[in-house]
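Q: Build me a model from this:
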Amino acid sequence: MKPFAKLCALALLTLTAACGVQPTGGAVPAGPAPTLPTPGAESGTLILYFVLDGHPAAVVRSVGGPVSVNTALSILLRGPDPDDRIRGYSTELPPPGPGLIGSDPSSDRMVISVPFAVTTLSSTAVNQLVCTAAIAAKQARPPSYYGTDVTVIGPDGQIASRGCLS
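A: Sure, this is the predicted structure:
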């Protein structure tokens, strides 16, 4: 093929390559992206993880006082309130029953204790505990809890340290 013919073929190909594509007029404004507030220990609000459509989902809750891991876990184990249930939230955690809920702040890793069996919990239930505890720990801001992985201990054993996988 002669150079002039090649140039003409290339020009024709370039001109027809976008045939039928219409301009969109730019981005369509849709408002700001959804975000969760960043509550702090002093704000009296915390983030709990319940289940929505089979996955852990954050719910913001006002507690009217300082945030702690123990407070967050105690409220989480009560389950979703009636308004949350109407919006479709549930829990895969068992009722707490008798026993203490706690966290160990003296450790170089976060350890939480719950009064029910943990080795048979679903992955979603474990994430409810781990995500709620990790976020509450970061809100309370003890230096050893930055980048928190959580170990969950129950009367039947423990679940190895892991981060929030929501």
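
Q: buried residues in the helix or strand encompassing residue 112?
A: Following DSSP states H and E, the helix or strand that holds residue 112 is strand 110-113. When burial is assessed from 16 or more other C-beta atoms under 10 Å, strand 110-113 yields the following buried residues: 110-113. Backbone N, C-alpha and C define where each C-beta goes, glycine included.

Q: Show the secondary-structure elements that it is packed against.
A: Counting contacts by 3 or more C-beta pairs under 8 Å, 6 or more residues apart in numbering; DSSP states H and E, strand 110-113 packs against helix 69-77, strand 102-103, helix 123-140, strand 150-154.

Q: and if we set it to 6 Å?
A: Here strand 110-113 touches strand 150-154, going by 3 or more C-beta pairs under 6 Å, 6 or more residues apart in numbering; DSSP states H and E.

Q: I'd like the next helix or strand past the strand it packs on.
A: Following strand 150-154 in sequence order, the next helix or strand is strand 157-162 (DSSP H and E).

Q: in its sheet, what does that following strand sit against?
A: Each strand paired with strand 157-162, and its direction, by DSSP bridges: strand 150-154 (antiparallel).

Q: circling back to that earlier point, who does the strand holding residue 112 pair up with?
A: Under the criterion DSSP bridges, the sheet neighbours of strand 110-113 are strand 102-103 (antiparallel), strand 150-154 (parallel).

Q: of the buried residues of strand 110-113, closest to residue 49?
A: Nearest to residue 49 out of the buried residues of strand 110-113 is residue 112 (C-beta to C-beta; 13.3 Å).

Q: how many other residues sit next to residue 48?
A: By the measure other C-beta atoms under 10 Å, the count of residues near residue 48 is 28.

Q: Quick check, it in contact with residue 74.
A: No - with contact defined as C-beta atoms under 6 Å, residue 48 does not reach residue 74; the gap is 10.4 Å.

Q: So residue 48 versus residue 156, what's the distance?
A: As for residue 48, its distance to residue 156 is 24 Å (criterion: C-beta to C-beta, to the nearest Å).
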